[in-house]
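Trainee: Please find the sequence and the predicted model below.
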Amino acid sequence: MSWHATGRRRRTYGAVAVTVLFGSPLLLLLAGSLREPGRPPVVAPPLIPEDPGFAAYQQAIAHGDLIRATANSMIVAAVGVPLSLLVASLAGFALTQLPRRLTSAVIGLSVLAMMVPATALLLPRFVLFRTLHLTDTLVPLVAPALVATSPLYPLIYYLAFRAIPADSYDLCRLADLTPMQTWRRMALPQVQPVTAGLAALTFVLTWSNLLDPLVYLYDRASFTLPLALRALAAMDPHNQPVFLAGAVLTTLPSLLVIGVAQRRFMHSYGPEGAS
């Protein structure tokens, strides 16, 4: 049996295992969202509910104001994800251009920064945004992208840029390319799978972020999807399908983004991309 056939079979088994592990709760979530609102809640909804319908989705959109919340979340993701990737890729590329001793020091500081709990920064950040009169706006939700969202992202880009053959950098120097031109024309196109993976991860973290909106947003018109879903969770237990419908609508974009990123990885690192 060839190496490619063995690798393809392992990926198939892995995909089936992941689908079974994470697909079963999603099926139950979908089944529960198709139940008629107002009925007594059940411990475990059947996979095929009696008289399935979309009434819960209509109520979830109306009562949770999900259209406006989706627009707010889209704005945060559309600004935060590209900005975070831009900052992270520039920082990671800059690390490859620094002297080794200075690079080691910066990496050490980044590792220390990752050890700081996010909740420890809430109070100073809140005071800062409150002083600047930026609370109850989407600015505090986008602001973490200015520092690449997480110290881990520049380190991932640094490792990816380091894996590029040194000859490629030498050719850029012979062509008199500036560091910015080298980053844009040569380095960044060669790490597209890394960019796709970090984009998916950043989108999921941004899309599902509840803590920051809970701290900074008060007006219902500025709620993001996690806050709108939290409001649906406070409804009467007889309206449990409404909450489940909101959860389905909130989860679908993340699944779509992860699926696109997974296809990008398979195309780049699978037998077809490697050949």
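Mentor: Perfect, I can see it now. Numbers count the residues shown, from 1 in each chain.
Trainee: quick one: residue 177 and residue 63, what's the gap?
Mentor: Using C-beta to C-beta, to the nearest Å, we find residue 177 at a distance of 56 Å from residue 63. Bear in mind the C-beta positions are built from the backbone N, C-alpha and C, glycine included.
Trainee: Then residue 28?
Mentor: Separation of residue 28 from residue 63 (C-beta to C-beta): 22 Å.
Trainee: Could you tell me how many residues sit around residue 188?
Mentor: When neighbours are defined as other C-beta atoms under 10 Å, residue 188 has 20 of them.
Trainee: can you pull the contacts of it?
Mentor: Contacts for residue 188 (C-beta atoms under 8 Å, 6 or more residues apart in numbering) come out as 89, 93, 195.
Trainee: And the next helix or strand past the helix or strand hosting it?
Mentor: Using DSSP states H and E, residue 188 maps to helix 188-190. Following helix 188-190 in sequence order, the next helix or strand is helix 192-207 (DSSP H and E).
Trainee: for that next one, packing partners?
Mentor: Using 3 or more C-beta pairs under 8 Å, 6 or more residues apart in numbering; DSSP states H and E as the contact test, the elements touching helix 192-207 are helix 66-97, helix 152-162, helix 240-269.
Trainee: Compare those and report which one is nearest to residue 218.
Mentor: Closest approach to residue 218 among the helices and strands packed on helix 192-207 is made by helix 66-97 (13.4 Å; C-beta to C-beta).
Trainee: residues of that closest one that come out buried?
Mentor: Along helix 66-97, these residues count as buried under the neighbour rule (16 or more other C-beta atoms under 10 Å): 66, 68-70, 72-73, 76-77, 79-81, 83-85, 87-96.
Trainee: Can you check what angle separates it from helix 152-162?
Mentor: 50 degrees (axes from the mean of the first three to the mean of the last three C-alpha atoms, to 10 degrees).
Trainee: tell me what helix 66-97 is packed against?
Mentor: Partner elements for helix 66-97 (3+ C-beta pairs under 8 Å, 6+ apart): helix 100-114, helix 139-142, helix 152-162, helix 179-181, helix 192-207, helix 225-233, helix 240-269.
Trainee: which one of those lies closest to residue 215?
Mentor: Here helix 139-142 is closest among these (C-beta to C-beta), at 7.9 Å.
Trainee: Need the residues that contact the closest one.
Mentor: 76, 79-80, 83, 125, 129, 134, 206, 209, 212-213, 215-216, 224.
Trainee: Closest to residue 39 out of the residues you listed?
Mentor: residue 224 (29.7 Å).
Trainee: Need the phi and psi values for that closest one.
Mentor: Dihedral angles phi and psi of residue 224 (degrees, to the nearest 10) take the values phi -90, psi 180.
Trainee: Just to check, it is in contact with residue 216?
Mentor: No: if you go by C-beta atoms under 8 Å, residue 224 and residue 216 don't touch, sitting 10.2 Å apart.
Trainee: who's more crowded, these two?
Mentor: More crowded of residue 224 and residue 216, by other C-beta under 10 Å: residue 224, with 29 against 22.
Trainee: Would you mind measuring from the more buried one to residue 59?
Mentor: 20 Å.
Trainee: And residue 176, by the same measure?
Mentor: From residue 176 to residue 59 the distance is 63 Å (C-beta to C-beta).
Trainee: Which one's more surrounded, the two?
Mentor: Using other C-beta under 10 Å as the criterion, residue 176 and residue 59 rank with residue 59 on top: 20 against 7.
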